[in-house]
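Q: Quick one, fold the following:
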Amino acid sequence: MDKPLSITLMLVTWNELPGLQATMPDIDPTWIDQILVVDGGSTDGTIEYCLEQGYDVYVQEARGIRKAYEEAWPLIRGDIVITFAPDGGSLADRLPPLIAKMREGYDMVIVSRYKDDAKSDEDDTITAFGNWMFNRLINLFHGGRYTDCMVMYRAYRTQLAYELDMFSESAYQPMERIFGTVSGCEPLLSIRAAANKCRIDEIPGDEPDRIGGERKLQIWRWGAVYLVQTFREIFYRPKPDKAYPLPPPDPAACQARIEQSIRLSEQARTKVINSC
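A: Numbering: from 1, shown residues only. This next block holds a predicted model:
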């Protein structure tokens, strides 16, 4: 009998304590083999909460969501990774059908905010149009059949990120330098998965409003990067500039960053108390 595929739930956090406290208790531990939290240096108690829950915690060194993925990817133990929004935008009840669909042999399954009767409460006029536009462009030029190519909430084979060369700087430069940002990687993942004829499916899933914290989305800058990527990948795919698999990060350096973040968190709480 084949060994069941193991599952890692990965969350990228930066001051998301209220969202974590509201959503993580809804996740049945038997669904997941590893919960990996990649933190950007929270000072609101996010790191302490995650450590108390027994989650694996990594504090990233470089800024940006895609850098969080790159640095933490060697720490993923699961055959399948699920990227999960820590702000309440990813509903835990979608995890069992998402995992079940992946175990049917798909390379990637997306929890779509626009499939069937699903909806996004986070969308405004600009983001709704942007999501619609990128779905149309990626489906037209890269052979996709997406209803939601942009969303974070998805599951895919852990090795797929290496197979599609998702961590090379050349895949994101020079666009990020031009627009002064560090973007996410979901649109490029959708592009390359479709172009490489990966087996892809979607399940419907609502996106509620975020719980606490601050919205990190850089609509115009990220949108500009993604638009250039969408058209560049039609004609030119940069050569890999990383050797895979990626080497694991230095545990001592990571522990030092965790301790520093906790100290800053304690200082922030002390400052609030003293100001009362």
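Q: now the helices: where do they sit in this structure?
A: 17-23, 46-52, 65-72, 95-102, 125-142, 160-163, 175-179, 186-195, 219-235, 251-275 (DSSP state H).
Q: Make TSV from these and add mean neighbour count and mean pLDDT to it.
A: (Glycine included, C-beta is placed from N, CA and C.) Listed next are these as TSV, based on neighbours: other CB atoms under 10 Å; pLDDT from 0 to 100:
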stretch	mean neighbour count	mean pLDDT
helix 17-23	20	96
helix 46-52	20	94
helix 65-72	22	94
helix 95-102	18	97
helix 125-142	16	97
helix 160-163	18	96
helix 175-179	15	95
helix 186-195	23	97
helix 219-235	17	95
helix 251-275	13	77
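Q: how close does the closest residue to Asp107 other than its chain neighbours get to Pro249?
A: Once flanking residues are discounted, Asp107 sits nearest to Cys198: 4.0 Å by CB to CB, 6 or more residues apart in numbering. Relative to Pro249, Cys198 is positioned 28 Å away (criterion: CB to CB, to the nearest Å).
Q: need the contact list for the residue nearest to Asp107.
A: 107-108, 160 (CB atoms under 8 Å, 6 or more residues apart in numbering).
Q: mind putting these in CSV, distance to Tyr153 included?
A: As requested, the contacts of Cys198 are exported to CSV (distance: CB to CB, whole Å):
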residue, distance to Tyr153
Asp107, 16
Met108, 12
Leu160, 16
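Q: From these, pick the one nearest Ala128.
A: Nearest to Ala128 out of the contacts of Cys198 is Met108 (CB to CB; 23.1 Å).
Q: Quick check: chain neighbours aside, which residue is closest to that closest one?
A: Tyr156 is the one closest to Met108 (CB to CB, 6+ apart), at 3.9 Å.
Q: Likewise for Ile126?
A: Per CB to CB, 6+ apart, closest to Ile126 is Ile219, 5.9 Å.
Q: Go ahead and confirm the one you found touches Asp124.
A: No - at 9.0 Å, Ile219 does not count as touching Asp124 under the criterion of CB atoms under 8 Å.
Q: Determine which of the helices of the chain approaches Asp241 most closely.
A: Closest among the helices of the chain, using CB to CB: helix 65-72, at 12.1 Å.
Q: what packs against the closest one?
A: strand 7-13, strand 34-39 (3 or more CB pairs under 8 Å, 6 or more residues apart in numbering; DSSP states H and E).
Q: ok, now with 10 Å
A: When contacts are defined as 3 or more CB pairs under 10 Å, 6 or more residues apart in numbering; DSSP states H and E, helix 65-72 packs onto strand 7-13, strand 34-39, strand 56-59, strand 80-83, helix 186-195.
Q: so who does Val228 touch?
A: 172, 174-176, 178-179 (CB atoms under 10 Å, 6 or more residues apart in numbering).
Q: same thing with Asp107?
A: Neighbour list for Asp107: 155-157, 159-160, 163-164, 193, 196-201 [criterion: CB under 10 Å, 6+ apart].
Q: is it possible to export the contacts of Val228 to CSV including distance to Val228?
A: Output for those, formatted as CSV (distance: CB to CB, whole Å):
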residue, distance to Val228
Tyr172, 10
Pro174, 9
Met175, 5
Glu176, 10
Ile178, 8
Phe179, 9
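Q: Out of these, flag the one nearest to Thr8.
A: Of all these, Thr8 sits closest to Tyr172, with 23.4 Å by CB to CB.
Q: Now for the closest one, how many residues are close by?
A: 24 (other CB atoms under 10 Å).
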